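S.K.: Dropping the sequence and predicted coords here.
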Amino acid sequence: MSSREESKAPGKLFVFAAPSGAGKTTLVHAVVTKHPELRFSISYTTREPRINEANEVDYLFIDEVEFMRLRDAGEMLEYAQVFDNYYATSRSQVEKHLSDDRSVVLEIDWQGARQVRESMPECVTIFILPPSLEELERRLRDRRTDRAEVIERRLRDARKDMLHWEEFDHVIINDDLDAAISALEAIIKGDGSASSTDNPELRRAVAEIVG
């Protein structure tokens, strides 16, 4: 075995979750772009692709029959129903990256994160929060991609989702994009004490947002 192979660190599984509109996707893609050694796990979904999305790039788009077949075959590391559609993580995709000593990033919801923790308790879980509920609403409305009733449902669900922040190892308040990216990079490097859910200062800041 070469010295390079001996010094290669084992891969880690980083699990990201957030309420809709918190900026999770933007943060995850920014970190993966800055750290090409990370592998992004592409999720399965039964929803229709949006105009700017491509199969096998943004998601693995499949119908519900195929989704259930893969689930029953044990291919799903986690799955959940969100807004009338199913989403899931490919178990084989994640295990392949980890076996190659590649760190993997999952972008899922809190329900999926709970399932992953049960299967892979060594994973590192990260919850993204908006700086306030008012800012969350502004971001959702500024997207201009959803009807008013859909936005209201997303806001209701987001408030419920945010109550699960204590289940995670780390919390990032996405107020300033550059600061949030730096905080995520610290977690990836193993120095995430500032964003730990055990940090009293962070807990006070989260309490002001969540209520």
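M.R.: Here it is on my side, so go on.

S.K.: Any buried residues in stretch 83-99, and which?
M.R.: Residues of stretch 83-99 classed as buried by neighbour count (16 or more other Cβ atoms under 10 Å): 86-91, 93-94, 97-98. No exception for glycine: its C-beta is placed from N, CA and C like everyone else's.

S.K.: ignore the last one, stretch 121-135
M.R.: Neighbour-count burial for stretch 121-135, counted by 16+ other Cβ under 10 Å, picks out 123-131, 133, 135.

S.K.: do stretch 23-39 as well
M.R.: 23-24, 27-28, 30-31, 38-39.

S.K.: Give me the lowest-pLDDT entry from these.
M.R.: pLDDT across the buried residues of stretch 23-39 is lowest for residue 23, at 86.

S.K.: give me the number of residues near the closest residue to that one other than its chain neighbours?
M.R.: Closest residue to residue 23 apart from its sequence neighbours, by Cβ to Cβ, 6 or more residues apart in numbering: residue 174 at 4.5 Å. Neighbour count for residue 174, taken as other Cβ atoms under 10 Å: 24.

S.K.: For the buried residues of stretch 83-99, give me CSV that also has distance to residue 113.
M.R.: Conversion of the buried residues of stretch 83-99 to CSV gives the following (distance: Cβ to Cβ, whole Å):
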residue, distance to residue 113
86, 16
87, 12
88, 13
89, 10
90, 16
91, 15
93, 17
94, 13
97, 18
98, 17
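
S.K.: out of these, who's nearest residue 15?
M.R.: Of all the buried residues of stretch 83-99, residue 89 has the smallest distance to residue 15: 9.2 Å, by Cβ to Cβ.

S.K.: and the closest one, that one's in a strand?
M.R.: Yes. Counting by DSSP: H, G, I helix; E, B strand; the rest coil, residue 89 is located in a strand.

S.K.: For this protein, just list every one of the helices.
M.R.: 3-7, 24-34, 64-72, 91-99, 110-119, 133-143, 148-162, 177-188, 200-210 (DSSP state H).

S.K.: comparing those, which gets the lowest mean pLDDT score?
M.R.: helix 3-7 (a mean of 45).

S.K.: need the contact list for residue 113.
M.R.: 15, 17, 78, 106, 125, 167-168 (Cβ atoms under 8 Å, 6 or more residues apart in numbering).

S.K.: Next one: residue 166 from residue 19, what distance?
M.R.: 14 Å (Cβ to Cβ, to the nearest Å).

S.K.: who has more neighbours, these two?
M.R.: Shown here are residue 166 and residue 19; by other Cβ under 10 Å, residue 19 has more neighbours (26 against 11).

S.K.: The more buried one contacts residue 137, doesn't it?
M.R.: No. With contact defined as Cβ atoms under 8 Å, residue 19 and residue 137 do not form a contacting pair (11.1 Å).

S.K.: just checking, residue 55 touches residue 49?
M.R.: Yes. At 6.7 Å, residue 55 counts as touching residue 49 under the criterion of Cβ under 8 Å.
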